[in-house]
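Participant: sequence and predicted structure are below.
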Amino acid sequence: MCTVFVSGATGVLGRRVVAEMVAAGFDVTGVARDPSKHADLAALGVRPVALDLFDRAAVHAAVSGHEVVCNLATAIPLGERANDLMAWEDNDRIRREGSRNLVDAALAGGASRYLQESIAFVYADGGERFLDESAAIAATGVASAALVAEAEAARFAEHGVAGVALRFGQFYGFDSGHTVRAIDATLAGRPVELGYEAAYRSSVTTDDAASAVVAALMAPSGIYNVVDDRPLPRAEYVDALAHSLGVPTPTVRSVPLELPPEFSVMLRSLRVSNQRFKGISGWQPRFPSAWEGWPYVVAAWRARYAQARQA
């Protein structure tokens, strides 16, 4: 049985990933920094471990003996905090220092595969063009640390083992803070997006992202895009959400405001292609676009909201 070590195992992506790995027959160890979440991982059949990714000795000890290491840890700020560069420091440190510690530990422990979470925000604005993995890169500010983490996966691969980085589109899922804010804004008739309405948004449900991580356990070394089959312009993305909620589309769907250079990546038109990863791994998203994904996400959100009201 293949042994897998997963950092970020209690996040919106990580908990889906470890559940799928256990179902697929993997022996999984998952990091839960909050001890209160250990029971949640154990209930999924995951071996929980408390770990500080910045403690090199502890990381080496925890990773030792695992054949696969997956770094899915992030600390993405929500709401108003996302506009504060200092609020991104933890996330940047995880991608810079945490990924380095995990790669060093994976190499020292004899792991044969390392998988790193990354983001599609690193691409330069592509307008209406589809962007594959060879497209121009223009990572600034909040996205630049993702390239450092990708480089760590490549460094792992230089040792004759498999190093994979997955550039995810923007997640949407019923338990994602960003998703809940988008739903609340749509219900209130407020703008949901930033940037021009015609600019493309490449997204992927957290469930499809999780299945992509499991599929990547068999992929050759490299960088791969993980997004919906059909990215939508921001206006259409909001239309799909409003339709799923059964409410009128907000009069203004997106705000084309100016942002400081550090945050300019959030305004770009990114029509990202998933064809390379699908061709190599056989992965297929369950939801081709947000038109199919939002009804599923909204139904799950409503079920959770109803459950919370009854509690």
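Facilitator: It's in.

Participant: regarding stretch 99-118, how distant is the last residue from the first?
Facilitator: Stretch 99-118 has an end-to-end distance of 11 Å (criterion: C-alpha to C-alpha, to the nearest Å).

Participant: in this protein, what helix or strand scores lowest on average pLDDT?
Facilitator: Lowest by mean pLDDT, DSSP states H and E among the helices and strands of the chain is helix 89-93, with a mean of 85.

Participant: buried ones in that one?
Facilitator: Buried residues in helix 89-93, counted by 16 or more other C-beta atoms under 10 Å: 91-92. For glycine as for every other residue, the C-beta is placed from the backbone atoms N, C-alpha and C.

Participant: just the C-alphas of it, formatted as CSV.
Facilitator: Presented in CSV, the C-alpha positions along helix 89-93 are these (Å, rounded to 0.1, in the frame of the first residue of the first chain):
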residue,chain,number,x,y,z
GLU,A,89,2.8,36.8,4.5
ASP,A,90,1.8,33.4,6.0
ASN,A,91,0.7,32.1,2.6
ASP,A,92,3.9,33.3,1.0
ARG,A,93,6.0,31.8,3.7
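
Participant: Asp34 contacts Asp40, doesn't it?
Facilitator: No: in terms of C-beta atoms under 8 Å, Asp34 does not count as a neighbour of Asp40; the distance is 9.6 Å.

Participant: what's the overlap in contacts for the two?
Facilitator: Thr10 (C-beta atoms under 8 Å, 6 or more residues apart in numbering).

Participant: give me the neighbour count for Ala61.
Facilitator: Using other C-beta atoms under 10 Å, Ala61 has 14 neighbouring residues.

Participant: what's the distance between it and Leu102?
Facilitator: Plainly put, Ala61 is 13 Å away from Leu102 if you go by C-beta to C-beta, to the nearest Å.

Participant: show me what contacts Arg33?
Facilitator: Applying C-beta under 8 Å, 6+ apart, we find Arg33 in contact with 10, 50-52.

Participant: perfect, that will be all.
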